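> requesting a structural model of the entry that follows:
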Amino acid sequence: MNAKVPAEVTGVWRRDVITAPGGYRDDTTRVFWVQADSWYGDIRLRLDIPRKTGATSFADFSDAELIELAKAQGFAGQLTVTPEMCAWRRDLDYQPPGPIPDEGTWRIEGDMLVEGGIHAEYEEIWRLEPQSRGLRAAFGLGDGQGLLVIAGDHFLMMQARKTPLPAGDSLPALVESALAAGDRSKAFALLDMPICYGRIGGGWRITHSTLPWLEGWPLWSQPPRLDPETGDLSDSAGAPWSLLEVHDPEGLLPNLFTLALGAGTSL
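From the prediction side, this is the model:
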């Protein structure tokens, strides 16, 4: 396991803006980075992501909307921090793997983290979200098939696709190619990688997801069972989640999952 990151880097960081040479600026994409002691999860959704009232699956979206959904981003793994840089290892990635390491410079200014590019020139401004310090924990599903990261009152869960993406083309290009061949089922499979972010105190309710019909629903249909001896979880579908790390000075973890009440879509 990697060493713990500095305490001031832990918590939940919401991106205010990213800028790059040539006048590039994005201050509308919703980006949340949930950081525990070493494990992290990240979700990035455009403001205009297609959403449909009453939708329950990808089948409810048009071909053009499926291509738009494929423009989401998100990744998870372990973070290594030195005084000079942060390095995000991407064990799970919504987009196809790229050739350039995810590394950047960093500095903290109050509740702001400033990230600078190493392999490309850019600057990202991050703000610390309220109620995201204190409890920190991470759980892993199977052999790298999923990750649940908790920071304060926030959570991010990510699960792998059944079939890994090939390197090279972007996800929108892969989805567009499948649709052009008339294979909507293949397009659905390419998109089927749940990333869910939300707040625990609200009943583990999802506020942002790569599966937009999950937004507004609890993460689980029934509270997961926490083994008091190992700290491992068994979710409402019976899937086992192993405790990877925990920082729990107030002893909140044993009762945390009783807040996952109410009927909803179970991942």
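> burial count for Ser203?
Just so we're on the same page, residue 203 is Gly rather than Ser. When neighbours are counted by other C-beta atoms under 10 Å, Gly203 registers 17. From N, CA and C alone the C-beta is placed, and that goes for glycine too.
> using the three-state scheme, assign it.
Following DSSP: H, G, I helix; E, B strand; the rest coil, Gly203 is assigned to coil.
> before we move on, what about Arg133?
Applying three-state DSSP: Arg133 is coil.
> now do the contacts for it.
Residues near Arg133 by C-beta atoms under 8 Å, 6 or more residues apart in numbering: Thr10, Gly11, Ala151, Gly152.
> which residue ranges of the stretch 101-250 of the chain form strands?
Per DSSP state E, counting those that start in this stretch, the stretch 101-250 of the chain carries strands over the ranges 103-109, 112-117, 123-128, 136-141, 146-151, 154-159, 195-199, 205-209, 225-226, 233-234, 240-247.
> quick one on the thing from earlier: of the contacts of Arg133, just say which sits nearest to Arg127.
Gly11 (10.3 Å; C-beta to C-beta).
> what distance do you get for the nearest residue to the closest one once chain neighbours are set aside to Val34?
Nearest non-adjacent residue to Gly11, counting by C-beta to C-beta, 6 or more residues apart in numbering: Ser132, 4.0 Å away. For Ser132, the distance to Val34 equals 8 Å [C-beta to C-beta, to the nearest Å].
> now the common contact residues for the two.
With C-beta under 8 Å, 6+ apart, Ser132 and Val34 have common neighbours Val12, Ala151, His154.
> kindly write the PyMOL command that selects the buried subset of these.
With 16 or more other C-beta atoms under 10 Å as the criterion, this PyMOL line picks the buried residues out of the shared contacts of Ser132 and Val34:
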select buried, resi 12+151+154
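> tell me the contacts of the residue lying closest to Asp60 once chain neighbours are set aside?
Excluding the flanking residues, the one nearest Asp60 by C-beta to C-beta, 6+ apart is Lys52, at 5.7 Å. Going by C-beta under 8 Å, 6+ apart, Lys52 touches Asp60, Phe61, Glu65, Pro212, Trp213.
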